[in-house]
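Undergrad: Turn this into a model:
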Amino acid sequence: LVFGLMNIPLLLVSIKYLGKYFAIKSTVAIVLIGVFIDLLAKVVHLEALSTEPLLATLYGGVVIGAGLGFIFKGGGSAGGGTIIARIVTSKTSLKTSTVILFLDIIVIIVAGFVFNSIELALWSMISIFTAAKLIDTILTGRPNEIIVHISSYKPLAPLGLLIKQKIGVSGTTVNGKDMAQKVDKDIIFVVVPKNRLSSLENIVSSYDNEAKMIVMEATQMVGAVNSAV
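TA: Residues are numbered from 1 along each chain as shown. Now for the predicted structure:
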């Protein structure tokens with residue numbers, strides 16, 4: 001009850017920045033969190049699953065991160081600092097997980113000095129870092145695609161056609177210049193499934209064995225994957 005009442009001002013502020021549906025979803029989440037905490041603690045009398053600090057820290061972070069991640073994914077929050085995090089995220093380029101991590105670190109540092117327990121504060125930081133990483137993974141996903149940059153001194157239009165024919169994906173060709181030699185150099189940007197990377201390498205090497213490939217993992221994919229990048 002106290003936790004719910006403390007969140008009323010934040011919920012009212014969130015309506016202005018994030019809309020009434022966010023406030024409604026957050027209210028439902030806050031109520032359910034309070035109910036289940038009381039249910040598990042006072043009715044079920046659920047005991048700690050582990051007294052080992054490392055296990056408790058890691059799995060606690062996983063459970064918290066998963067719960068918050070799905071709440072955020074559904075367009076709500078869990079109250080408190082998570083409402084602040086969502087408001088900050090809506091007005092800046094910061095990720096929700098980053099803001100939550102920053103806010104929690106401040107709370108943990110203060111609590112560590114107040115309760116004179118630096119060790120518990122350090123364990124807590126591991127837990128919130130784990131939670132933040134899981135929140136980030138749930139919100140951005142783990143796409144099965146990778147980004148490949150292919151550069152060559154040869155014209156890459158024919159290579160682009162080969163990639164389209166043999167792998168079935170399109171990309172973008174950019175004409176540039178080598179920084180050192182000041183000569184023309186083509187670059188292809190293409191997004192391919194991870195399991196087709198070896199096929200792409202074979203196609204590129206057969207066309208130009210001196211071509212360079214830079215492979216990067218995509219953190220989030222929006223729109224049609226097989227359309228031109």
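
Undergrad: got the contact list for the spatially most central residue of the chain?
TA: For the chain, D136 is the residue whose C-alpha lies nearest the centre (CA atoms, centre = their mean; 2.5 Å). By CB atoms under 8 Å, 6 or more residues apart in numbering, the residues touching D136 are 95-97. The C-beta positions use only the backbone N, C-alpha and C, and glycine is treated the same way.

Undergrad: Same question for L159.
TA: Going by CB under 8 Å, 6+ apart, L159 touches 150, 152, 188, 203-204, 207-208, 211.

Undergrad: tell me the phi and psi of L58?
TA: With angles defined as degrees, to the nearest 10, L58 sits at phi -70, psi -50.

Undergrad: Pairing partners for the longest strand along the chain, with directions?
TA: Looking across the chain with DSSP state E, the single longest strand is strand 184-193. Neighbouring strands of strand 184-193 in its sheet, by DSSP bridges, are strand 145-152 (antiparallel), strand 171-177 (antiparallel).

Undergrad: what's near enough to touch T27?
TA: Contact analysis of T27 by CB under 8 Å, 6+ apart lists L11.

Undergrad: Find me the pLDDT at it, would you?
TA: Confidence at T27, expressed as pLDDT, is 92.

Undergrad: follow-up on the earlier one: quick one: closest of the strands paired with strand 184-193 to L10.
TA: Proximity to L10 (CB to CB) singles out strand 145-152 among the strands paired with strand 184-193, at 37.5 Å.

Undergrad: re the thing from before, mind putting the contacts of D136 into CSV with pLDDT and distance to K16?
TA: What follows is the contacts of D136, written out as CSV (pLDDT from 0 to 100; distance: CB to CB, whole Å):
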residue, pLDDT, distance to K16
K95, 85, 22
T96, 88, 18
S97, 89, 23
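
Undergrad: As CSV, could you dump the C-alpha coordinates of the helix-or-strand element of the chain with minimal mean pLDDT?
TA: Ranked by mean pLDDT, DSSP states H and E, the weakest helix or strand in the chain is strand 171-177, scoring a mean of 82. The C-alpha trace of strand 171-177 is given here as CSV (Å, rounded to 0.1, in the frame of the first residue of the first chain):
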residue,chain,number,x,y,z
GLY,A,171,22.2,-4.2,-50.1
THR,A,172,23.4,-0.7,-50.9
THR,A,173,26.5,0.2,-52.9
VAL,A,174,28.4,3.3,-52.1
ASN,A,175,31.3,4.8,-54.1
GLY,A,176,34.1,6.3,-52.2
LYS,A,177,37.9,6.9,-52.2
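
Undergrad: hmm, who's touching that strand?
TA: Outside strand 171-177, the residues that touch it by CB under 8 Å, 6+ apart are 156-157, 160, 163, 183-191, 228-229.

Undergrad: please redo it, this time with the cut-off set to 6 Å
TA: The contact list for strand 171-177 (CB atoms under 6 Å, 6 or more residues apart in numbering) reads 156, 160, 185-190, 228-229.

Undergrad: among the residues you listed, which two are most distant?
TA: K185 and A228 (20.1 Å).

Undergrad: Poorly predicted segments of the protein, please.
TA: Residue ranges of the chain with pLDDT under 70: 1-2, 142-143, 181, 219-229.

Undergrad: how about the helices in it?
TA: According to DSSP state H, the chain carries its helices in the segments 2-18, 20-38, 53-73, 81-91, 96-114, 118-140, 157-166, 197-207.

Undergrad: Domain map for the chain?
TA: Per the record, the chain has its domains at 2-140, 145-217, by automatic domain parsing.

Undergrad: Thanks a lot, catch you later.
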